[in-house]
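Colleague: no FASTA, just this:
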């Protein structure tokens with residue numbers, strides 16, 4: 001995939017080309033250079049780069065060349081939409097791996113998987129910018145309406161459309177035709193397995209496809225569900241179990257009678273997934289077997305009748321007994337502690353200047369990640385030149401977490417710009433890591449080095465993947481050993497063939513990591529063994545809660561002289577001896593003032609209490625290196641304040657201790673909520689998380705029925721999860737009164753952290 005500007009691409013020419021082969025096209029809102037939709041909703045748009053720009057959408061798609069030229073002359077960067085269905089003689093299979101499309105394909109169409117692997121698909125294939133792909137087929141010789149075939153697998157036909165190459169996705173990657181290049185025709189008819197799912201005859205799918213016949217007379221596709229009906233239907237389904245196949249089929253027939261299209265199927269299929277018997281292929285096949293016959297006695301009234309006959313939702317089985325109902329009062333818990341305190345965004349000395357430079361040159365400023373970058377840069381510059389009274393040096397493994405598109409890339413670029421301006425490019429390590437041995441080779445060449453790594457969570461997942469190979473698995477092991485070798489000599493592996501592979505010996509390596517990742521990939525790669533092994537506590541994880549910063553006009557990117565002057569002094573500090581701070585064996589030792597020393601002693605006592613309180617839970621390991629992190633950060637802060645005669649004073653100590661306490665506290669909270677070692681443990685933590693996030697109001701059973709992680713559980717699992725949380729005193733079922741005249745009380749599950 002390429003990252004290109006739409007205006008550089010012959011979009012009009014492609015649109016004309018598609019129209020010339022009979023495909024009806026339409027203009028689609030493009031995205032800007034930051035992946036934001038150019039429609040009026042901008043960053044609030046839920047379909048960036050995918051929704052029609054013309055008035056009538058896919059129904060207004062055309063092959064008229066004058067209209068097409070007029071559209072793209074007015075909107076030269078518009079993405080290209082291709083209408084699917086009978087009029088274009090075209091249908092498309094849309095596979096979305098992010099929503100389980102590949103898993104569904106493996107279940108329902110192993111033939112297509114094999115064809116994709118050996119590139120023998122007969123029909124055109126377009127890779128989407130989001131990691132999925134579209135397979136284009138000729139319209140079959142039977143009625144084929146748009147529908148959902150399973151999780152992440154959609155069929156686009158009459159009334160639908162797809163975005164086509166070379167449009168630009170919100171990821172800034174382009175839609176591209178596969179290795180066979182731009183298609184010259186509509187491809188083959190749908191294969192037999194797809195024809196079966198669609199309810200058509202295999203002979204029709206296998207034919208060479210003369211012009212498709214007219215639609216059967218009198219076919220009524222249904223008027224669809226209104227928004228109010230969707231809400232009412234969802235609430236009713238929350239009270240019905242999908243385990244009984246006869247009930248499952250009757251509910252499907254009822255929904256199909258009201259809406260045989262995509263929305264109807266999604267509602268039915270989502271509800272069906274609550275059963276442990278769920279089968280995606282079976283759901284698609286059965287839905288395709290329903291007939292568009294409104295005279296059928298099974299209607300939505302049937303579903304409402306089933307729900308009314310069930311007094312309580314199946315989720316309540318044994319989980320909400322009276323013995324567990326609490327009448328405790330609920331207090332409001334402030335979420336302010338979850339946001340980084342403002343004063344921690346103003347670190348001591350030159351660190352603030354570096355952070356200000358990074359934010360001022362950003363299109364979307366991200367202050368938290370700018371502070372991360374500033375500390376990583378300063379720690380690397382100080383590497384091997386300074387230590388504390390306890391012998392600790394300035395090697396830090398800093399990981400910034402934040403959602404996709406929040407501005408994680410700019411701070412890394414700014415750090416490279418500063419080091420380049422200071423003529424210190426040798427301190428920059430590779431941004432892609434091939435193996436543990438490659439890391440050692442780089443550190444041997446430059447013992448003080450900064451590795452700036454994007455998508456750190458993906459790296460951790462790859463390290464743990466048994467199919468990745470030993471060279472990848474060794475990456476984190478090498479980093480762990482180097483972390484503890486900054487004030488020592490690292491001695492590498494002994495090999496039998498010493499003449500070809502001599503062991504690596506590195507004196508006082510100062511390795512710094514400045515990594516970014518999304519919290520989802522970071523924590524999904526975590527298991528409790530990483531906590532207990534000391535793997536996680538070597539990382540100082542600092543999250544940002546700023547989802548998408550406001551766009552700003554970047555300032556001058558010239559690195560300020562003040563920063564460059566500080567780097568020059570910090571690289572050559574004045575010492576009392578000729579070799580002090582020059583020879584890595586004799587660094588400049590930075591002492592603490594009495595006030596700072598007392599603050600660190602108090603912090604040490606606090607850590608002891610925290611580890612005692614969490615003993616046996618595994619969380620105590622996360623606090624085990626907190627003092628060490630704070631000592632190193634205070635050292636960096638002291639040099640940042642005065643590189644010639646640094647001292648760790650109370651200001652440096654307070655900043656370092658408070659930042660570490662906040663960071664490890666947030667990490668402990670996230671690990672508690674996310675890290676799980678079994679599927680059931682993950683389900684328990686997911687449900688607890690949504691209940692805790694609901695605050696003092698809590699969630700009723702009906703509320704929980706609308707939450708995805710809860711709806712996916714079987715009735716038995718729902719009861720077990722709630723019981724585990726109640727027995728563990730994590731949540732309580734609280735009966736809340738009302739002060740409103742004639743008002744009704746409500747009973748909700750509330751996390752105990754919100755209780756008086």
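Modeller: That came through, no problem. Computed from a prediction, not measured in an experiment: that's the story for all the values here.
Colleague: every contact and neighbour count from this point should use C-alpha atoms.
Modeller: Fine.
Colleague: grab the most central residue of this structure for me.
Modeller: Among the residues of the chain, the one closest to the centroid is residue 520, at 4.6 Å (Cα atoms, centre = their mean).
Colleague: which SS state does that one fall under?
Modeller: Three-state assignment for residue 520 (DSSP: H, G, I helix; E, B strand; the rest coil): helix.
Colleague: and whichever strand or helix holds residue 255, what does it pack onto?
Modeller: Using DSSP states H and E, residue 255 sits within helix 245-258. Applying 3 or more Cα pairs under 8 Å, 6 or more residues apart in numbering; DSSP states H and E, we find helix 245-258 packed against helix 262-272, helix 280-289, helix 300-309.
Colleague: mean pLDDT and mean neighbour count added to those helices, as JSON lines?
Modeller: Below are the helices and strands packed on helix 245-258 laid out as JSON lines (pLDDT from 0 to 100; neighbours: other Cα atoms under 10 Å):
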{"stretch": "helix 262-272", "mean pLDDT": "76", "mean neighbour count": "20"}
{"stretch": "helix 280-289", "mean pLDDT": "75", "mean neighbour count": "19"}
{"stretch": "helix 300-309", "mean pLDDT": "81", "mean neighbour count": "16"}
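Colleague: which of the ones you listed sits closest to residue 607?
Modeller: Residue 607 lies closest to helix 262-272 among these, at 46.2 Å (Cα to Cα).
Colleague: what sits up against that closest one?
Modeller: 146-148, 150, 224-225, 234, 237, 242, 248, 251-252, 255-256, 258-259, 278, 283, 287, 711-712 (Cα atoms under 8 Å, 6 or more residues apart in numbering).
Colleague: for the stretch 1-150 of the chain, what spans make up the strands?
Modeller: 25-28, 79-83, 90-95, 125-127, 133-138, 147-150 (DSSP state E, counting those that start in this stretch).
Colleague: contacts for the third one?
Modeller: It stands for strand 90-95. 23, 84-85, 101-102, 132-139, 152-157, 162, 186.
Colleague: now, which of those residues lie within helices?
Modeller: 101, 102 (DSSP state H).
Colleague: filter the contacts of strand 90-95 to the buried ones?
Modeller: Buried members of the contacts of strand 90-95, scored by 16 or more other Cα atoms under 10 Å, are 23, 84-85, 101-102, 132-139, 152-157, 162, 186.
Colleague: and residue 560, how many residues sit next to it?
Modeller: 14 (other Cα atoms under 10 Å).
Colleague: gap between it and residue 636?
Modeller: 20 Å (Cα to Cα, to the nearest Å).
Colleague: can you name the residues that contact the residue nearest to residue 97 when sequence neighbours are not counted?
Modeller: In space, and not counting its chain neighbours, residue 97 is closest to residue 132: 5.8 Å by Cα to Cα, 6 or more residues apart in numbering. Shown in contact with residue 132 (Cα under 8 Å, 6+ apart): 94, 95, 96, 97, 98.
Colleague: from residue 395, how far out is residue 132?
Modeller: 40 Å.
Colleague: break down the stretch 301-450 of the chain into its strands, ranges please.
Modeller: So, for the stretch 301-450 of the chain - with DSSP E, counting those that start in this stretch - the strands run 325-326, 386-388, 397-401, 448-453.
Colleague: tell me which strands and helices the longest one is in contact with?
Modeller: Taking 3+ Cα pairs under 8 Å, 6+ apart as contact, the helices and strands that strand 448-453 lies on are helix 367-382, strand 510-517.
Colleague: just want the angle from it to strand 510-517.
Modeller: Orientation check (axes from the mean of the first three to the mean of the last three Cα atoms, to 10 degrees): strand 448-453 against strand 510-517 gives 10 degrees.
Colleague: can you give me the angle strand 448-453 makes with strand 397-401?
Modeller: Using the same axes, to 10 degrees: strand 448-453 against strand 397-401 is 20 degrees.
Colleague: and for strand 448-453, what's in contact with it?
Modeller: Counting by Cα under 8 Å, 6+ apart, residues outside strand 448-453 touching it are 376-377, 380, 383-384, 412, 426-432, 443, 509-516.
Colleague: the second one now?
Modeller: Taking contacts as Cα under 8 Å, 6+ apart, the residues outside strand 386-388 that touch it are 393, 394, 581, 587, 588, 589, 590, 591, 631, 632, 635.
Colleague: identify the farthest-apart pair in those.
Modeller: 581 and 631 (18.7 Å).
Colleague: of those two, who's got more company?
Modeller: residue 631 (27 against 24).
Colleague: the strand or helix carrying that one vs helix 367-382, what angle?
Modeller: Assigned by DSSP H and E, residue 631 belongs to helix 626-641. Between helix 626-641 and helix 367-382, the angle comes out at 80 degrees (the same axes, to 10 degrees).
Colleague: packing partners of helix 626-641?
Modeller: Looks like helix 626-641 contacts helix 350-360, helix 367-382, strand 386-388, helix 594-613, helix 650-674 (3+ Cα pairs under 8 Å, 6+ apart).
Colleague: so where's the stretch 201-350 of the chain uncertain?
Modeller: Within the stretch 201-350 of the chain, the stretches falling below the threshold (pLDDT under 70) are 201-224, 227-228, 231, 262-263, 274, 276, 280-281, 292-297, 310-338.
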